[in-house]
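A.B. asks: Following is a predicted model, sequence given first.
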Amino acid sequence: MKYTKYIVLNGPPMSGKSTIARELSQYMNERHIETVSDSFAAPMKHYISTALGMQYASMPKDAPRAELSGYSVREFLIDLSENYIKPRYGDGVYGRWLSHRIGRIQPSPSFVICDDGGFTDEVDALGAGKAIIVRVNRPGKDFSNDSRSYLDNPHYTFDNDGDMAVLWTKTRALALHIIAGHVHGQ
């Protein structure tokens, strides 16, 4: 029986998670492995994009904004999430929402690639054995000004030194390793 695995990229801001996610998805799709890119924070990103009238990917995340009462986009979303959404719906809410969105896709993709995992409760809400954690490290990048951190779950380690040629090679090797594990039921 086929079921979806979630590849969760876990690392600090600017560590290369989105770039790695795009390359993983492209490489797997070229090999006819069904992937979907999604985000634990998709509802939040949609909300702030609608409120500010701009694409989330192009927003400056750390600059204070008058329309957010002086909060930066990052600070505003952290405050909204940690002080309003999670207290009402529980710490695993974003994992449940992600699982629900993916569960509506038919046929089910083999992999969902998430570039923003950083909370154990979110990953646990996906279901036992469904998450493949990839911990992304990059020199000089850390979790200051972010509510996320490194997950304690078992993980692959991915070191990104910023060299794009090396990044592509390492991403493809990671994809092949994940695909092989999925085929053999790991």
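C.D. replies: Arrived safely, thanks for sending.

A.B. asks: Distance of the residue located most distally from the centre of the chain relative to residue 72?
C.D. replies: Distance from the C-alpha centroid of the chain, by C-alpha atoms, centre = their mean, peaks at residue 66 (28.1 Å). From residue 66 across to residue 72, the span is 11 Å (C-beta to C-beta, to the nearest Å). Yep, even glycine has a C-beta here, placed from its N, CA and C like the rest.

A.B. asks: Check residue 122 too.
C.D. replies: According to C-beta to C-beta, residue 122 and residue 72 sit 22 Å apart.

A.B. asks: and the two? which has more neighbours close in?
C.D. replies: residue 122 (27 against 17; other C-beta atoms under 10 Å).

A.B. asks: got a list of what the more buried one touches?
C.D. replies: Contacts for residue 122 (C-beta atoms under 8 Å, 6 or more residues apart in numbering) come out as 40, 91, 92, 93, 94, 95, 98.

A.B. asks: Contacts only, for the residue lying closest to it once chain neighbours are set aside.
C.D. replies: Leaving out its chain neighbours, the residue that sits closest to residue 122 by C-beta to C-beta, 6 or more residues apart in numbering is residue 95, at 3.8 Å. Neighbour list for residue 95: 40, 121, 122, 123, 124, 125, 126 [criterion: C-beta under 8 Å, 6+ apart].

A.B. asks: If we use 6 Å, what do you get?
C.D. replies: By C-beta atoms under 6 Å, 6 or more residues apart in numbering, the residues touching residue 95 are 122, 125, 126.

A.B. asks: before we move on, what about residue 153?
C.D. replies: Contacts of residue 153 were listed using C-beta under 6 Å, 6+ apart, and they are residue 133.

A.B. asks: ditto for residue 20
C.D. replies: By C-beta under 6 Å, 6+ apart, the contact set of residue 20 is 9, 171.

A.B. asks: Just confirm it is within a helix.
C.D. replies: Yes. Using DSSP: H, G, I helix; E, B strand; the rest coil, the assignment for residue 20 is a helix.

A.B. asks: separation between it and residue 41?
C.D. replies: 17 Å.

A.B. asks: ranges for the helices of this protein?
C.D. replies: Here the chain has its helices, by DSSP state H, at 17-30, 42-52, 73-80, 86-89, 93-103, 120-124, 164-183.

A.B. asks: Could you list the buried residues of stretch 60-72?
C.D. replies: For stretch 60-72, a neighbour-count test (16 or more other C-beta atoms under 10 Å) marks 61, 68, 71, 72 as buried.

A.B. asks: Burial check on residue 119, number of neighbours?
C.D. replies: Neighbour number of residue 119 under other C-beta under 10 Å is 22.

A.B. asks: I should have written residue 167 there, sorry.
C.D. replies: 18.
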